[in-house]
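Visitor: Sequence plus the predicted model coming up.
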Amino acid sequence: MVTFNFDLIIDQTITFFPNNDNIGFGFVSASQVTLTENEIATGVFNTVISTDAGSVTLANTQIGNLTLSNLFFSDGSVMAIGDRTSDAAADDNADTLDFNADVALGSAVTRNNQLFGLGGADTIDAGSTTGNNLIFGGDGDDAITAGSGINTIYGGSGTQDTSDGGDTITLGNRTSLVYGNAGADTIGFNSPVLNETNTSIFGGAGADVINAPAAVGALYVAAGTEGDTVNLVNSSGAHTVLGGAGGDTIDAGGSLGALTLFGGTSTIDSNDDGDQFILGRGSSLVYGNAGADTVTLNADAGQIATVYFGSGSDSATSAANFGSYNLIAGLGGDTIDLTGHAGNATIIGGNGQVDAADDGDTLTGGVGGHVLMYGNGGGDVLSVSPAANRVAEVYGGANDDTINAAPQDRSSTLNLNGNLGNDAFNLDFSTSPAVANLIDFGIGDDTIATTLSGGDATTLVIERGESNTTVRNGGEEQMVLGLFTGNFTAENFVISDSSLLLTNFNGEADTLTGSDNNDQIRAGDNGDSIVAGAGMDLIIGGAGADTISINSADISNADTINGGAGADTLLIGTPAVTVNDIFFANVRAIETLALDTGDFSANGLALGAQAAAAGIRTIDASAASSANVDLSGMTAGITYNGATGDDTVIGTVNADVINGDAGDDVISASLGADTLTGGDGNDVFSYFAADGVADIEGNDTITDFDAGTALDAVDTFRFSAGPNNYDLGNTDAAVDGAIISSITSAGGPNTELVILTNVGIATQDITTSLNTINNFVQPTRGMLDVFYDTTKGHAVIYYDNNGSTAGGHNLVANLTNITDIADMTNFNFNDFVFI
């Protein structure tokens, strides 16, 4: 048996017999000694023992040959190797080194020991030790428990061991340096790490699980090369974690510490896979690196979380916390949803404020704080919902973006920039009205889809400036469209209730077609065609000659129509109901009311003072097949153009111009000096009375009366006979008349119509001549006189309202087309009808 003093054999190679010899160390602990095994020939090994003072080589000796007694240390520390026998082969079995159960080891619990598990699934329990131990698990799936000292632990045999198994390593509460080496290791703590300690853990190869919940010290974790799990839940230290290669999970939920986390191994790591990060309540700096990363944000008020997601399609969500976030999504199509977040946030879709190479991102800001958002390249979906006194500022970047904004309070401010591309702005004011500034809406073909806080298209007020347009809805809700002075269409301005805002401020004449909802339609200055539907519409014409079309069933006094400057036409289509005067209560500046194609005989027009106030002076039924038009209530004269078929027209009390056109028309001129044209067909010119006063002051002009027999295509005069109307003869429907050739010809009893054929009467002689006729005819009541006025050069009709008494002669109509006295013989009693 030989006992060597290490200090005396430094730099020597000795022959050493483990069963007999030993080496003593005087000034070092076991943990300060390094054992290195070298194979010098096949199956032949030397072991080198090194300290800071030098080294000694043991010839033909393996580390596994060394027993607990071969190396002894003056400070009482131990070097425990494998099964602690000289049989190296036995060390491949499952060995146990237990400071609690083994008396030989228990004496060194306070010392700085070195332990080797070597081969096999070893159990090394140094949990009761307080010294600073150096522990090697060796090959196999080892279970290692460290004590409360400052320990250095290897799951395998050194830092570069790639053949180690999956170890379970439990650390104490002091500073440790741990290498899990190969295999799927589980590394944790038997108690929280103390504040003043610094622990570094290198997981190595394999999918490792590293647990440090409630740790309060400073941790540095390099998880390794595969999909590792790092648990820092409820910790409060300053931790740095490198996930390394593989899809890692780093959970720091509830942590109050300052975190620096890497999905890979550095700030730039293009080989990393998709990692999962659950951040704590403290401040965090995160580099997701490559892969599709998932981040859960939880920072408290006053804390800042900064995340560089890196490449890949990453995603992030947030708890309802008040911390501040700086999120840089990086390349790839990323999804960041801060819906529950109540703090300030800066969210960048790419790698900076300007990044055209970025893909399309989906970014959603929180409610409670200020939000600054950059979509960058790609077709992004960007959503913000600022709360009271908060500002959301959004930059869409390149490509076609969708920007969703829903203010939560009247004091919320939206500053929205679509930037390049054709961007879609979805503005939801249903929670609260607010101001939305669409800074560069006019760049590209941008669109708006909005849910209003109230009202519809008709409640919107448009204010056009030199370079922008403002759309207001009440006093607090407004959309300011920067760089836009164009038109609103059904495509670029969509309201959720489907009402339409249509304009043609710029450009050539156009057709603007509304819906069956409450639309606002504004024409330009070049004569537009506006097609309105059902609903309570607001229609404003421009300076041109506009045509506004609306079906009879759709127009009502709930519509507001203003034709503006120019000669404007309101075109009524589809004769489903009678268009009444009340419908025009809110109509102004319409010069012509027209009827579209169709039969308006059953459902026509009944107009009065409202239509007159609307400005209507012409009614054009020329496109209709027939029409029934009552203008008796109107307070202004009308020009009427008839339908292609039969018209029934009652004129105004003013001077009208009525043209029945084709068809068998019935024209009731009413009061006023009217100009009447029956047109083609067998027309009826009707005269009636109201309130007992005969309509005898018309002084009308009839331009095309066709007199003749009943077998001819002739026109007819129709008079309302009776005491309260035209008081003719015996006041019945029979025509009792006399056709005379001179003013002295006699008539029959109850004569009510006299036709003078062969002689005319000069205008200045009419009163005298008609008195003479009365004397010879002797009418008992009122009477009509039809004769040729030689001064005017055409036929006329007069009404004598006092029978045979002198005077009372009133001009009814000038028949300007009967210009030859010889044509007076064409008149007969069939040209007149009394009712």
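Guide: Received, thanks. Residues are numbered from 1 along each chain as shown.
Visitor: Going by C-alpha atoms from here, please, whenever you check contacts or count neighbours.
Guide: OK.
Visitor: quick one: what helix or strand has T470 in it?
Guide: strand 468-473 (DSSP states H and E).
Visitor: List the strands paired with that strand, with their directions.
Guide: Using DSSP bridges, the strands paired with strand 468-473 are strand 460-464 (antiparallel), strand 477-482 (antiparallel).
Visitor: Figure out which of these is closest to G54.
Guide: G54 lies closest to strand 477-482 among the strands paired with strand 468-473, at 79.8 Å (C-alpha to C-alpha).
Visitor: Shouldn't T772 be within a helix?
Guide: Yes - applying DSSP: H, G, I helix; E, B strand; the rest coil, one finds T772 inside a helix.
Visitor: Count the neighbours of N826 for me.
Guide: 12 (other C-alpha atoms under 10 Å).
Visitor: Likewise for S467?
Guide: S467 has 12 neighbouring residues, counting by other C-alpha under 10 Å.
Visitor: any idea of the mean pLDDT for the strand holding T470?
Guide: Mean pLDDT, strand 468-473: 98.
Visitor: what do you get for stretch 60-70?
Guide: Here the average pLDDT along stretch 60-70 is 94.
Visitor: Look at that stretch and report the distance between its end residues.
Guide: 15 Å (C-alpha to C-alpha, to the nearest Å).
Visitor: quick thing: my sequence starts at 12, can you match it?
Guide: Taking 12 as the first residue, the last one we looked at is stretch 71-81.
Visitor: got a list of contacts for that stretch?
Guide: Identification of contacts with stretch 71-81 by C-alpha atoms under 8 Å, 6 or more residues apart in numbering yields 26-27, 29, 32-34, 46-48, 55-58, 89-93, 95-100, 102, 129.
Visitor: Against M645, how distant is L582?
Guide: From L582 to M645 the distance is 19 Å (C-alpha to C-alpha).
Visitor: Correct me if wrong: D711 contacts N821.
Guide: No - using C-alpha atoms under 8 Å, D711 and N821 do not qualify as a contacting pair, with a distance of 11.3 Å.
Visitor: Look at the two and report which has more neighbours.
Guide: D711 (25 against 19).
Visitor: Ramachandran angles for that one?
Guide: Backbone torsions for D711, taken as degrees, to the nearest 10, come to phi -80, psi 160.
Visitor: Report the beta-bridge partner residues of it.
Guide: A824.
Visitor: repeat for I630
Guide: Those that pair with I630 in a beta bridge, by DSSP bridges, are L604, Y651.
Visitor: In this structure it contacts Y651, no?
Guide: Yes - contact criterion C-alpha under 8 Å: I630 and Y651 qualify, at 4.7 Å.
Visitor: Same drill for those two, tell me which one is more crowded.
Guide: Per other C-alpha under 10 Å, whichever of I630 and Y651 has more neighbours is Y651, with 27 against 23.
Visitor: Let me see the mean pLDDT of stretch 258-273.
Guide: Mean predicted confidence for stretch 258-273 is 94.
Visitor: Convert that stretch to CSV, retaining C-alpha atoms only.
Guide: The C-alpha coordinates for stretch 258-273 follow below in CSV (Å, rounded to 0.1, in the frame of the first residue of the first chain):
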residue,chain,number,x,y,z
GLY,A,258,-40.3,25.0,-30.6
ASP,A,259,-39.9,26.1,-27.0
THR,A,260,-42.4,27.1,-24.3
ILE,A,261,-41.3,29.8,-21.9
ASP,A,262,-44.0,30.4,-19.2
ALA,A,263,-43.4,33.4,-16.9
GLY,A,264,-47.0,34.0,-16.1
GLY,A,265,-47.4,36.0,-12.9
SER,A,266,-43.7,36.8,-12.8
LEU,A,267,-42.8,40.2,-11.4
GLY,A,268,-39.2,40.0,-12.5
ALA,A,269,-37.4,41.7,-15.5
LEU,A,270,-37.3,39.1,-18.3
THR,A,271,-35.1,38.9,-21.3
LEU,A,272,-36.3,36.0,-23.5
PHE,A,273,-35.0,34.6,-26.8
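Visitor: Which positions in that stretch come out as buried?
Guide: For stretch 258-273, a neighbour-count test (16 or more other C-alpha atoms under 10 Å) marks 258-273 as buried.
Visitor: Same list, the strands paired with strand 479-484, but as JSON lines with distance to N144 and mean pLDDT please.
Guide: Formatted as JSON lines, the strands paired with strand 479-484 follow (distance: least, C-alpha to C-alpha, whole Å; pLDDT from 0 to 100):
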{"stretch": "strand 471-475", "distance to N144": "79", "mean pLDDT": "97"}
{"stretch": "strand 488-493", "distance to N144": "71", "mean pLDDT": "98"}
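Visitor: Of all those, which one is nearest Q314?
Guide: strand 488-493 (34.6 Å).
Visitor: I'd like the next helix or strand past that closest one.
Guide: As the chain continues past strand 488-493, the following element, by DSSP H and E, is strand 504-506.
Visitor: Can you name the next helix or strand after that next one?
Guide: Following strand 504-506 in sequence, per DSSP H and E, is strand 512-514.
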